[in-house]
Every structure is written in C-alpha cells, then in structure tokens.
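Q: sequence and predicted structure below; questions after.
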Amino acid sequence: MKKMSAKVTAAILAASAVLSACGGSGSSETTAAAAGGDTSAAETTAAAETVAEPTGTGMAESESSETSGTAAQDDERLADYHLLQGIVTGTNDEKGTFTLKADDGGEYVITTGNIGDVETEIADDSLVVIGYIGVEIHDNMDLEKVNMVIAAPGDDDWTITYAEGTTTANAMSTFMMVTADGTEMGFMKAGCPMDEDALGGDSGAKIGVVYMDSEDVSFPLEIRKLQ
C-alpha cells in the first residue's frame, strides 16, 4: 500500500541524490518560510500537495494503518498537539499581525513571524488553521505559551495523527519514509521542529512523525528520533 504515486516517489528519490540531508532544527528554513509572504506560501503549498499526494487509499484506511500502538498510546503521544481554526477578521501589515476569530469564540492577535511555516494566504475573511504544540488554547489565552508550527488552509478537514517508520529518501526540504506495514509517506519539513539528527543520512533513520493530515496534503508538526 502506498500513499504516494510512483512519479512523485521517483522525483523525491532523484532530489535526494543531489541535495544534502537537512537533519537540524530547520530554523533557517522556518525564517525564510515565515518571511516569504503570500507568494512563497502558495508555492510551498503546491509543492507539499505534490509530495503528499494520495494514490487512492481512503482516509479511514490511512489513519488506521499509519498510526502505531494502541489508541491509548496514540492519545498520549498526541496530547500536546492541537489545531486552532477560524477566520481572519483583520490584518496589520505594519505590525506583521492578523486577528483570528477562532471556532471556540476567542479572538487571537497572531504575529505571522511567530509561525514556523505559513502555507496559506493570510487575508481578511480567509479561513486558517494553525497546528501548534503546547497547552490547548481557549478563551483568548496567551499564544506565547505555545509553539505555532504551521498555518494551513482552514477550509480543509484536518486531523492530527502519528506514524513511525524508516526513511527511504531525505532531500533538502522533503523526506520519505515507509511504515512497518509498507505504507510509503512523504512530507515537507520546512519549519518543523525535530530531534537532533532525526533525519541523519540519506535513508535508514528510524523516526516517529506527528502530523496534520487532510485529504490532499500532510504537514509534520514534529519529527522524533527513535532508538
């Protein structure tokens, strides 16, 4: 069972042959992605859709086959990962901020530069979802208490899930892995926190990935090195 097309797999394998591995925290990529504005966000989103293109397996099958361990273990792994979803009600270009009216009723003023990777347009009336790590946000809480990893289009249906596997390709901004049941998965990694040397080498690294998943694209929230 594969989550990516043969054409995409070949493209990433070719890229991994000429690009060096990016095994650090990705802070330089994060800064570039966050400062790139709407144009770079649109371009990177298109690339991510290519990397994580599904090949016909349904979401229910994907979630059940890719996660590892019991439901209780998965709940524990995902306890610190959340989504903040809502509509942009205003932007302030001078301050580099926008106001998000969230589904929980709260209003949050968010500094775009504090988001690791922006993969959607931030404009009035746009729907945005932010994947973050930390305590669950509610009732206008202080956003400085969380690590906002990625902003993505809010009109998709998103879930957070976990998968373990072995890397089969590792390029500058993307990587592929295969799970124990043979599922091949591909991710962008710009702006994503990761353990030191989690993606060391071109392939063969044992990793666990917490990621945001929709029907068309997946974004990692954190990459962990497994022993």
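A: Perfect, thanks for sending it.

Q: show me where the protein has its helices.
A: Under the criterion DSSP state H, the chain carries helices at the ranges 6-18, 27-35, 37-51, 59-66, 71-77.

Q: quick one: low-confidence ranges for this protein?
A: 1-72, 74 (pLDDT under 70).

Q: from Glu107, how far off is Asp139?
A: 11 Å (Cβ to Cβ, to the nearest Å). In this view, the C-beta of every residue, glycine as well, is placed from N, C-alpha and C.

Q: so these two - more neighbours on which side?
A: Glu107 (12 against 7; other Cβ atoms under 10 Å).

Q: contact partners for that one?
A: By Cβ atoms under 8 Å, 6 or more residues apart in numbering, Glu107 lies in contact with 89, 99-101, 140.

Q: switch to 10 Å and redo it
A: Residues counted as contacts of Glu107 (Cβ atoms under 10 Å, 6 or more residues apart in numbering) are 86, 89-90, 99-101, 140.

Q: which residues does Ile207 bridge with?
A: In this entry, Ile207 is beta-bridged to Gly165, Lys225, by DSSP bridges.

Q: also the one 5 residues further on?
A: Per DSSP bridges, the residues bridged to Met212 are Ile160, Phe219.

Q: buried ones among the contacts of Glu107?
A: Using 16 or more other Cβ atoms under 10 Å as the burial test, those include 86, 99-100 as buried.

Q: so which of those residues are in strands?
A: Among those, the members falling in strands are 86, 99-100 (criterion: DSSP state E).

Q: can you redo these as a markdown table with distance to Val118?
A: Compiled in a markdown table, these are given as follows (distance: Cβ to Cβ, whole Å):
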| residue | distance to Val118 |
| --- | --- |
| Gly86 | 15 |
| Thr99 | 16 |
| Leu100 | 13 |
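
Q: out of the contacts of Glu107, what pair is the most spread apart?
A: Greatest spatial distance in the contacts of Glu107: Gly90 and Asn140, 15.5 Å, computed using Cβ to Cβ.

Q: what's the closest non-adjacent residue to Ser173?
A: Closest residue to Ser173 apart from its sequence neighbours, by Cβ to Cβ, 6 or more residues apart in numbering: Ala190 at 5.6 Å.
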